[in-house]
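Peer 1: What would the 3D arrangement of this be:
(chains A and B)
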Amino acid sequence: MIPRFFAGVDVGASATKTVVMDSSLSLAGHSAVKSGTDFPMAAGKTLEESCAMAGIKKEDLSAVFATGYGRKTVKEAVNTKTEISCHAKGCFHNFPGRITIIDIGGQDNKIIKLAANGSRTGFQMNRKCAAGTGAFLEEMSARLDIPIEKMNRMASEAAGLVKLGSFCTVFSATEVLENIRAGKQPADIVKGIYFSMIKRVLEMDSLAGDVVMTGGVVAHNGYIVKMAERMIGRKILVPDLPQFTGALGAALFAKESM
Amino acid sequence: MTEKSRDKSGRLNASKKAGNFMKDYYLELDRAARTGEKKVAWCTSVGPAELLRAIGFSVYFPETHAAMIGAVRTASEVIGEANAAGYSPDICSYLTSDIGAYLAGASPLKKAYGIEGPPAPDVLVFNTNQCRDVQDWFLWYAEKFSVPILGIHTPVGIGTVTDDHVRTVAEQMKKMISPLEEISGTRLDPGELKRVTDLSKECSDLWKQVLETARFRPSPLSFFDAATLMGPAVVGRGTREACLVYRELVEELDQRVRTGTGAVPDERFRIYWDGMPVWGRLSDHSRLFSSLCACVVASTYCSSWIFTELDGRNPFESMARAYTELFIVRSDPYKEQYIKRMFDFFSIDGIVFHDAKTCPNNSNSRYGMPGRLRRKTGIPAIVINADLNDMRMISDEQTRTNIEAFIEQMEENGS
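Peer 2: Predicted coordinates:
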């Protein structure tokens, strides 16, 4: 039997991610690029790269589903699903059971609750506010003039913690500047930034069942998971490719559609 | 789910009649103000309109003007004028839109009906049953035009409406008679008050019939249709012309029911909307729900102009009761019971709570109600963060994703 392939494309505010899977639900290829300003091009590029990794051509794909902020712009997609549904699908594929998903993306956060059979019992997205999102981290990185790649290490090595109280990204930046002026250690401030992010996310909803964390911020800032575990007092599950969870869910929907 | 491109079932013929009614209404107000033929009273939308009409006033409702500013999407251009005049961006955006439009000289009435703007008032009459902002709104104009302002202060957060509640509101209405007669130059004729109150009740009953046609599957009417058709129920209660509009609308909707014509083709999901409409996104939201095979069949908002208790034989007490038993005046336990009844009556699959940034009194999601209702009824709920008029408070993509994901959830869970 000739294997069939399915793809999911997640066009996020910061990055576009694509997953190609075969009919046995094995991951055959994946790729991520910055979404930039040309979403169709980003989607096309990740599709090409994922297919190349899978050893197939784009034309060999049986179905493509798109998700994410730019889901309507993916020319190759036969259908779209929201990132809520796709994250739920992708996470349940990795961690079947009653779970709460915390997804921290570049522009928005989600808390999604699934019952033991995978049905969605509810979800929350952040309000129209950058608190707790990747955008918050980027803003702080710029204010502190510390590359994001370095922030993760600094936070994990920090001895202290400077807590930031504000909801608002702009006001938080002011608090950061106040703390610098007060002579606080930059590493402690960075740790406080991660603390603030998790706190904002945990304020969105309660947690039930096992907790899974996904998203680009988690993929690039492993420390945030450690801090979240400390804050909620239990182990958090993270898929191998946390940034690709939405794309994986879209690929699963693509397969189901056939 | 697949988002399909759909045509609406077509405009209701009665909407043209409703549009003409509104045009005549504003032109008559303009004439009254310009010629001095009749005195003009400004009235809050659930204020004592019957009394004002019976004393001979032309009655103008600034909230409909504010909604119009929202609907034509000029609110965000003028709200800043009111903000700069000391009215916070966090308070009622009807207030800030309306005062802002006045300061900017930018009323939508000019483009719509060729008149300069709202009629100058001879008196302003408010009822705080809906919120305190209406009082502050009217105070600004009272000072601007140097005219008297009269108000009814209604108890709020009411569980059961008691005779004491009714008495205190009715007494306040009665105290208005003398100053209103003086301003109008006309004595209150009890016969005229009975006639107007009975007409108001008739209009209210017809509007209720209109909204209740949505209990059929498919619903012949959506919330978005109703929001554009409710003008005569607000500004025209107490007039025969408003009744004529709704009589025709009821007939047309009954015909749609007989032929199985739905407001949303292929209706699959029936949604309840709590809170204000997002006026600047009314057609966008209508298309969004329609594209998802979801019909928003009923709302708290459009039902706010149903005044079942009005009775011309007992005008003051019945007005007091009708304007005090409104949803917005009531306690959360009452509101939950009411919404549960609506779930059953309209066969609802899910509820959307609009948390309007500048309208706390019409935002019922802030004290845990969505969760309580979900636990008690099993009906899923979603909260969207937006605003009635201030489009600066809106993220369209967030709204779209939330609503799409909500419908997907119902579809996946087999609602």
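
Peer 1: Which stretches in chain A count as strands?
Peer 2: A:5-11, A:15-22, A:27-34, A:61-67, A:79-80, A:99-104, A:109-114, A:120-125, A:210-214, A:236-237 (DSSP state E).

Peer 1: Single out the most deeply packed of the ones you listed.
Peer 2: strand A:5-11 (a mean of 31; mean count of other Cβ atoms under 10 Å in any protein chain shown). The way it works is simple: take the backbone N, C-alpha and C, and place the C-beta from them, glycine included.

Peer 1: what about that one, near chain B?
Peer 2: No - Strand A:5-11 does not reach chain B (Cβ under 8 Å from any Cβ of the partner chain); its nearest approach is 11.9 Å.

Peer 1: gap between that strand and the chain center?
Peer 2: Offset of strand A:5-11 from its chain centre (Cα atoms, centre = their mean, to the nearest Å): 15 Å.

Peer 1: what do you get for stretch B:257-264?
Peer 2: 25 Å.

Peer 1: Okay, now it: how far is its last residue from its first?
Peer 2: Taking Cα to Cα, to the nearest Å, stretch B:257-264 runs 13 Å from one end to the other.

Peer 1: Give me the contacts around it.
Peer 2: B:6, B:8-9, B:213, B:216, B:218-222, B:225, B:256, B:289-290, B:293-295 (Cβ atoms under 8 Å, 6 or more residues apart in numbering or on different chains).

Peer 1: Is any residue of stretch A:101-120 near chain B?
Peer 2: Yes - counting by Cβ under 8 Å from any Cβ, chain B has neighbours in stretch A:101-120: A:108, A:119-120.

Peer 1: where in the stretch 1-150 of chain A is pLDDT low?
Peer 2: The model of the stretch 1-150 of chain A has pLDDT under 70 over residues A:1, A:128.

Peer 1: in the stretch 51-200 of chain A, what residue is nearest chain B?
Peer 2: residue A:84 (3.6 Å; Cβ to the nearest Cβ).

Peer 1: quick one, helices of the stretch 51-200 of chain B?
Peer 2: B:62-71, B:75-84, B:93-104, B:109-113, B:133-145, B:163-184, B:190-212 (DSSP state H, counting those that start in this stretch).

Peer 1: How about the stretch 301-415 of chain B?
Peer 2: Going by DSSP H, counting those that start in this stretch, the stretch 301-415 of chain B shows helices at B:315-324, B:332-346, B:369-377, B:396-412.

Peer 1: Please apply the same query to the stretch 101-250 of chain A.
Peer 2: Under DSSP H, counting those that start in this stretch, the stretch 101-250 of chain A gives helices at A:134-144, A:148-157, A:169-181, A:186-202, A:216-220, A:223-232, A:245-256.

Peer 1: Mind putting those into CSV with mean neighbour count and distance to chain B?
Peer 2: Below are the helices of the stretch 101-250 of chain A laid out as CSV (neighbours: other Cβ atoms under 10 Å in any protein chain shown; distance: least, Cβ to the nearest Cβ, whole Å):
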stretch, mean neighbour count, distance to chain B
helix A:134-144, 20, 13
helix A:148-157, 16, 24
helix A:169-181, 16, 15
helix A:186-202, 22, 15
helix A:216-220, 23, 17
helix A:223-232, 18, 20
helix A:245-256, 28, 10
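
Peer 1: got the contact list for stretch A:18-33?
Peer 2: Contacts of stretch A:18-33 (Cβ under 8 Å, 6+ apart): A:3-10, A:15-17, A:42-43, A:45-56, A:61, A:93, A:241, A:243-244, A:247-248, A:250-252, A:255.

Peer 1: Enumerate the residues of chain B near chain A.
Peer 2: Checking chain B against chain A by Cβ under 8 Å from any Cβ, the hits are B:1-3, B:374, B:380, B:385, B:393-395, B:397-398, B:401-402, B:404-405, B:408-409, B:412-413.

Peer 1: try 6 Å this time
Peer 2: Contacts of chain B with chain A, taken as Cβ under 6 Å from any Cβ of the partner chain, map to B:2, B:385, B:395, B:398, B:401-402, B:404-405, B:408-409, B:413.

Peer 1: can you list these in a markdown table and add pLDDT, neighbour count and distance to residue B:206?
Peer 2: Putting those into a markdown table (pLDDT from 0 to 100; neighbours: other Cβ atoms under 10 Å in any protein chain shown; distance: Cβ to Cβ, whole Å) gives the following:
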| residue | pLDDT | neighbour count | distance to residue B:206 |
| --- | --- | --- | --- |
| B:2 | 40 | 11 | 39 |
| B:385 | 94 | 22 | 35 |
| B:395 | 88 | 19 | 38 |
| B:398 | 89 | 20 | 38 |
| B:401 | 93 | 21 | 38 |
| B:402 | 95 | 21 | 35 |
| B:404 | 97 | 23 | 36 |
| B:405 | 96 | 23 | 38 |
| B:408 | 96 | 19 | 38 |
| B:409 | 95 | 23 | 37 |
| B:413 | 86 | 12 | 38 |
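
Peer 1: can you tell me which two in the residues you listed are farthest apart?
Peer 2: Spatial extent of the residues of chain B next to chain A (Cβ to Cβ) is set by the pair B:2 and B:385 at 26.8 Å.

Peer 1: hang on, the earlier thing: can you tell me which of the residues of stretch A:101-120 next to chain B is nearest residue B:389?
Peer 2: residue A:108 (24.6 Å).

Peer 1: count of neighbours near the residue lying closest to residue A:105 once chain neighbours are set aside?
Peer 2: Residue nearest to residue A:105 in three dimensions, not counting chain neighbours: residue A:215, with 4.9 Å by Cβ to Cβ, 6 or more residues apart in numbering or on different chains. Other residues near residue A:215 come to 29 when the count uses other Cβ atoms under 10 Å in any protein chain shown.

Peer 1: Show me what residue of the stretch 251-400 of chain B gets nearest to chain A.
Peer 2: For the stretch 251-400 of chain B, Cβ to the nearest Cβ, closest residue to chain A: residue B:395, 4.1 Å.

Peer 1: for chain B, that is, sorry about that
Peer 2: residue B:405 (3.6 Å).

Peer 1: Excluding chain neighbours, what is closest to that residue?
Peer 2: residue A:84 (3.6 Å).

Peer 1: surely residue B:214 meets residue B:296?
Peer 2: No - counting by Cβ atoms under 6 Å, residue B:214 does not reach residue B:296; the two are 9.2 Å apart.

Peer 1: got the contact list for residue A:53?
Peer 2: residue A:29 (Cβ atoms under 6 Å, 6 or more residues apart in numbering or on different chains).

Peer 1: now do 10 Å
Peer 2: A:18, A:20, A:27-31 (Cβ atoms under 10 Å, 6 or more residues apart in numbering or on different chains).

Peer 1: what bits of the stretch 1-150 of chain B have low per-residue confidence?
Peer 2: By pLDDT under 70, the low-scoring segments of the stretch 1-150 of chain B are B:1-9.

Peer 1: run the last query once more with 80
Peer 2: Filtered on pLDDT under 80, the stretch 1-150 of chain B yields the residue ranges B:1-10.

Peer 1: I figured residue A:84 hits residue A:250, correct?
Peer 2: No - assessed by Cβ atoms under 10 Å, residue A:84 is found out of contact with residue A:250, at 11.8 Å.
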